[in-house]
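Asker: Just to be clear, the model below is a prediction. Sequence and coordinates:
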Amino acid sequence: MKRLLVIMLLMLPLICLAQTAENIRLNPNYIWGQGSSDTEAITELINKLSATDILQVSNKAAIWKTYRQDLIRVSKHISNESGNIIRYIKWDNIDNIFSGRCTKIEELCAHAKSEISRGNSSVARTYLEWAETYCKSIPSSSRYSNMISSLKSQVGKGPMATIDMRNIENDVKNINTALGVKFAENPKITTKPTMPKPTVEKSAKERIFLNPKLSGIKASKMLVEDNATPKLAFSAPTEVAITEDVTTSKRLFVIPRATISKSIGVGGFAGVMLGKIGPWIAYDTDFNSTHSSYTCQADGTTSFGHIWTNGKQKYHGTDISAGVLYDFTTSLKLYAGLGYGTSTCYWQDTSESWAEVEDKSIKGMAAEVGGIYNISHLSILGSVSAISLKTPAIHLGIGLNF
């Protein structure tokens, strides 16, 4: 009897697993693919998605194949009783497949808008061409196409800048291939020459186009004639006319913020990006400073006896910190730093005099970590800090970046 019980307990996980896999296959809320390997399961899932009307393009199968990595990221997998792999995703989560490309479209349009404001139409045209290609491979593309068309109308037709962003270029090439667009017919995507280095003919007007760093790739620049296709003449590296270092992109952040701790305070954050990193400084206070007539301990003892309180208590906090900003992604900046802070506790006695409660008050080193999410020139800040790792505080703010 004991042996039978042990065997049943060992088989129970396999039985539950088989039921789970079968439930996925029978549940209409899932779409799934099955194969002897994960690759085969993803391929069958792609074939089933290609038979749907989710994408309104002529060559659905080819476009869905460009989403293989996104499907691996979004879908889940399980093994059935036969050892086959099942890749599955809920119909309600289908939109998550396209979230990566939607984010890229938004970032490319934001960078194009920024370049337009700087007068760098050539760089903006390249960003918009890439965004438009991504747009052709997602459902409900109309929510982005109007924005792209509006931005393209501001730059008009003209030369395209060379931007060394291989991950984006490869995506665009794959999508164009799936759509049946030959790479040679898409002159707006250019490749960067390697050797020898290019210089511009002396008769050309100098205009420098800066590519802000996207996905951590260095910016590239080129010199082109105004309203003309770039004419490059090649010479030895010692004669290269481009000498300006453009790997550093400056951006200033000014963000008012609120502080939530034992008391509510306000403050400000200021920082500047100098390439991948930069300095920042912040100050917070609750303007709740109070003059204390004497001090006491948390047990009520004072130097002259014992305090008799009327039940009123308040805190006063202030801190100043500084540290380093880090360019984590195009939209997200992370930061950390150290400083000095105080958190003072006060009790009021029956004569309405305030006493500082020494062992409930803290003074010392403050540490802060947080992040800043940027939507165009709008910056949203969120962080946490602590004084001597004992008094936590939350900081929330909305400001601008320039």
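Answerer: Ah, there it is. A quick note: this is a predicted structure, and the numbers were derived from the prediction, not measured. Residues are numbered from 1 along each chain as shown.
Asker: Buried residues in stretch 57-70, which are they?
Answerer: For stretch 57-70, the neighbour count (16 or more other CB atoms under 10 Å) marks 57, 60, 62-67, 70 as buried. Every C-beta, even on glycine, is put in place using the N, C-alpha and C of the backbone.
Asker: Among those, which ones are in strands?
Answerer: The strands, defined by DSSP state E, take in nothing from the buried residues of stretch 57-70.
Asker: Adding distance to Asn96 as columns, could you present these in TSV?
Answerer: TSV is the format used below for the buried residues of stretch 57-70 (distance: CB to CB, whole Å):
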residue	distance to Asn96
Val57	19
Lys60	19
Ala62	21
Ile63	17
Trp64	15
Lys65	18
Thr66	16
Tyr67	11
Asp70	8
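Asker: In helices, which of those residues fall?
Answerer: Within the buried residues of stretch 57-70, residues falling in helices by DSSP state H are 60, 62-65, 70.
Asker: Roughly how far does the most centrally placed residue in the chain sit from Leu179?
Answerer: In the chain, the residue lying closest to the centroid (CA atoms, centre = their mean) is Leu332, at 4.2 Å. Leu332 sits 31 Å away from Leu179, going by CB to CB, to the nearest Å.
Asker: Name the nearest of the ones in helices among the buried residues of stretch 57-70 relative to Ser263.
Answerer: Asp70 (46.3 Å; CB to CB).
Asker: which residues does the nearest residue to the closest one once chain neighbours are set aside contact?
Answerer: Leaving aside its sequence neighbours, Asp70 sits nearest to Ile97 (CB to CB, 6 or more residues apart in numbering; 5.0 Å). Ile97 sits next to 67, 70-71, 74, 89 when contact means CB atoms under 8 Å, 6 or more residues apart in numbering.
Asker: Extract the CA atoms of stretch 40-47 and return them as PDB.
Answerer: C-alpha atoms of stretch 40-47 as PDB (Å, rounded to 0.1, in the frame of the first residue of the first chain):
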ATOM      1  CA  GLU A  40       9.100  24.200 -34.200                       C
ATOM      2  CA  ALA A  41       6.500  25.400 -31.600                       C
ATOM      3  CA  ILE A  42       7.200  29.100 -32.400                       C
ATOM      4  CA  THR A  43       7.000  28.300 -36.100                       C
ATOM      5  CA  GLU A  44       3.600  26.700 -35.800                       C
ATOM      6  CA  LEU A  45       2.400  29.600 -33.600                       C
ATOM      7  CA  ILE A  46       3.600  32.000 -36.400                       C
ATOM      8  CA  ASN A  47       1.700  30.000 -39.000                       C
END
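Asker: and for that stretch, what are the contacting residues?
Answerer: 31-35, 61, 64-65, 67-68, 71-72, 75, 77, 84-89.
Asker: Can you turn the buried part of the residues you listed into a PyMOL selection?
Answerer: In PyMOL, the members of the contacts of stretch 40-47 classed as buried (16+ other CB under 10 Å) are selected with the following command:
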select buried, resi 31+32+33+34+35+64+65+67+71+75+85+86+87+88+89
